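# Generate a structure from the sequence data that follows.
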Amino acid sequence: MRRRQLMFLAVVGALGWSVARALPPPGASKTLQGLAAARGLRWGTAVTNAQLQNPDLRRLVTSQSGLIVPESELKWDGVEAAPGRFDFSAPDRLLAFAREHGLAMRGHTLLWHEQLPAWVRALPAAELDKALATYIGTVVGHYRGQLPSWDVVNEPIADDGTGLRRTLWLERLGPDYIARALTLAHQADPKAALVINEYGLEGDDAKTARKRQAFLKLLRQLRDRGVPLDAVGLQAHLYANGSGPTTFRTLPAFLRELAALNLDIYVTELDVNDRELPAAIPERDRDVAAVYSAFLAAVLPEPRLRLITSWGLSDRTTWLNSFFPRADGLPQRPLPFDENSQAKPATAAIMAALSKP
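The predicted structure follows:
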């Protein structure tokens, strides 16, 4: 027991009491958040207000998580559907839920090339820059001092690793749009940790290697210019088949490169796609659990890792059934708990990984 108390005090020292006091004492219960807290981490989950209407999902979130992330309620098309008409009612409800249950809430996401209102897409460059400044200043300012971190720029790197993604932001504002967004967010809330969030950085294939190099080039340029940036987010949308990252031998070295730039590391959208696996649930669950084990073995030893957020906790809420459905029509099983919020092999694999010294 004394060892656990000392570990908890170490968490307090590393994170600050204002943050650490919200974490359950390690060993209090074998939950994802309890086990993560023993390592000085938070375990989070993406949620929506609609999902939280389900009592089982509410209980799962409040029992297993130390942090929530709005899955969709803080994206531009919902917050400012018409110019200058800001509506924070939906994300405010999520923040009230988090406070009621002693959870933190992250901001996701300020600048993305998707889920933009039509009026934003139609703006010429000068007006687009003004809209960006107004949006970030208003949104981050609304939550100033209340959200510990923001995904400021989401998915800026081209899938093929050739450089920045060709979006309206790049085409109309030029490559400095990333530094501008980070600077605006810092001005609106100087204490919030600012994050660039990206996918496709976890695996061992050549495409991933190219994308990593493009990402590192961007980060080094921002560092050289003194642009405010505190962390990088690895989305970690993984695969239990040959269509995406399944092995992670080169990932620890990449994490060390990120840490060498004095950046924290967040895992922000973790799940495991099973769409190409056989239909039988035992085999699917086994392979999904194996991917979780391999990934966590690669990332958990990294000292700059600060949090892990799964993109949902229950298979009932996964986005994958809508965007990447299985050919056989069966629902995917990509998340830590099944559609009835019950533990499964993935649960055991994650808890075992978090429990290792």
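# Look up how far Asp230 lies from Ala240.
32 Å (C-beta to C-beta, to the nearest Å). Just so you know, the C-beta spots here come from the backbone N, C-alpha and C atoms, and that holds for glycine as well.
# And stretch 41-51, what's buried?
Within stretch 41-51, the residues scored as buried using 16 or more other C-beta atoms under 10 Å are 41-49, 51.
# from the middle of its chain, how far away would that stretch be?
Averaged C-alpha coordinates place stretch 41-51 at 10 Å from its chain's average position (C-alpha atoms, centre = their mean, to the nearest Å).
# what comes into contact with the helix or strand containing Ala209?
Assessed by DSSP states H and E, Ala209 sits inside helix 206-225. With contacts defined as C-beta atoms under 8 Å, 6 or more residues apart in numbering, helix 206-225 is touched by 156-164, 178-179, 182, 196, 198, 200-202, 229, 232, 245, 250, 254, 257-258, 261-263.
# Filter these down to just the ones in helices.
Here DSSP state H is the test, and these give 178-179, 182, 254, 257-258 as lying in helices.
# If we only consider these, which is nearest to Asp274?
Closest approach to Asp274 among those (C-beta to C-beta): Phe254, at 24.9 Å.
# Can you give me the neighbour number for the residue nearest to that closest one when sequence neighbours are not counted?
Distances taken as C-beta to C-beta, 6 or more residues apart in numbering place Arg212 nearest to Phe254, at 5.6 Å, with adjacent residues excluded. Counted by other C-beta atoms under 10 Å, the residues lying close to Arg212 total 23.
# now Ser355
Count around Ser355 with other C-beta under 10 Å applied: 11.
# Please report how far it lies from Gln115.
Ser355 is 37 Å from Gln115, by C-beta to C-beta.
# dump the residue contacts of Glu198.
154-157, 211, 215, 232-235.
# Show me what it is bridged to.
Judged by DSSP bridges, the bridge partners of Glu198 are Leu234.
# pLDDT below threshold where in the chain?
Applying pLDDT under 70 to the chain flags residues 1-29.
# which SSE is the most centrally placed residue in the chain in?
Central residue of the chain (C-alpha atoms, centre = their mean): Thr268, 1.7 Å from the mean position. Element membership for Thr268 (DSSP H and E) is strand 264-273.
# chain center to the following helix or strand past that strand: distance?
Toward the C-terminal end, the helix or strand that comes next after strand 264-273 (DSSP H and E) is helix 281-299. How far helix 281-299 lies from its chain's middle: 19 Å, per C-alpha atoms, centre = their mean.
# Can you spell out which helices and strands pack onto helix 281-299?
strand 237-239, helix 251-260, strand 264-273, helix 345-355 (3 or more C-beta pairs under 8 Å, 6 or more residues apart in numbering; DSSP states H and E).
# Dump the ones you listed to JSON lines, plus distance to Val140.
What follows is the helices and strands packed on helix 281-299, written out as JSON lines (distance: least, C-beta to C-beta, whole Å):
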{"stretch": "strand 237-239", "distance to Val140": "26"}
{"stretch": "helix 251-260", "distance to Val140": "24"}
{"stretch": "strand 264-273", "distance to Val140": "18"}
{"stretch": "helix 345-355", "distance to Val140": "32"}
